[in-house]
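Undergrad: Just a sequence and a predicted model for now, questions to come.
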Amino acid sequence: MSPIGEGLRNRLNMFPAISSQCFINWVAEWPENALLKVADLFLTDNVNSDKEQLNLSSQDRADICLFSVFVHSNITQQAENFFQQYKRKIFITPKTYLNYISAFDKLLIEKRGIITTQRNKLSGGITKLTSANDVI
């Protein structure tokens, strides 16, 4: 099918699945140092000014950044293994990496809130038990 003339347009009109199943992969893999920089930038409190502060120490942030790069690299390798085994392509893009880091941010804030609530309930219970022990 030549893209010149009416032939391609007519075929696409008759068989829309031809164009709806096409994609162009313009995304190249990011190097590890770029992944580290992006993760560090996203985990910095200055960037997250519109959200609740993460309050990560520099060592914790560095460890999380290294782990996120490890996870992204491992997922990319597993996607390639999946393609070799099942002949189905899974695309791991930079947007996938950014979504992963954003999900980590949200999960960290959510879990910190849950732990804080549970800690407050526990300390309140201990205070009541101590006061009840003093009364008895």
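TA: Happy to help now that I have it. Numbers count the residues shown, from 1 in each chain.

Undergrad: Show the average pLDDT along the lengthiest helix in the chain.
TA: Under DSSP state H, the helix in the chain containing the largest number of residues is helix 94-135. Per-residue confidence for helix 94-135 averages out to 91 on the pLDDT scale.

Undergrad: Check the offset of that helix from the chain's centre.
TA: Helix 94-135 has its C-alpha centroid displaced from the chain centroid by 21 Å (C-alpha atoms, centre = their mean, to the nearest Å).

Undergrad: And Gln21, what's its pLDDT?
TA: You'll see Gln21 listed with a pLDDT of 63.

Undergrad: And Asn55, by the same measure?
TA: According to the model's per-residue confidence, Asn55 sits at a pLDDT of 81.

Undergrad: who are the neighbours in contact with the residue nearest the centre of the chain?
TA: A centroid search over the chain (C-alpha atoms, centre = their mean) returns Tyr100, at 0.4 Å, as the residue closest to the centre. Tyr100 makes contact with Ser68, Val71, His72 under the criterion C-beta atoms under 8 Å, 6 or more residues apart in numbering. Bear in mind the C-beta positions are built from the backbone N, C-alpha and C, glycine included.

Undergrad: Give me the buried subset of those.
TA: Judged by neighbour count, with 16 or more other C-beta atoms under 10 Å as the criterion, the buried members of the contacts of Tyr100 are Ser68, His72.
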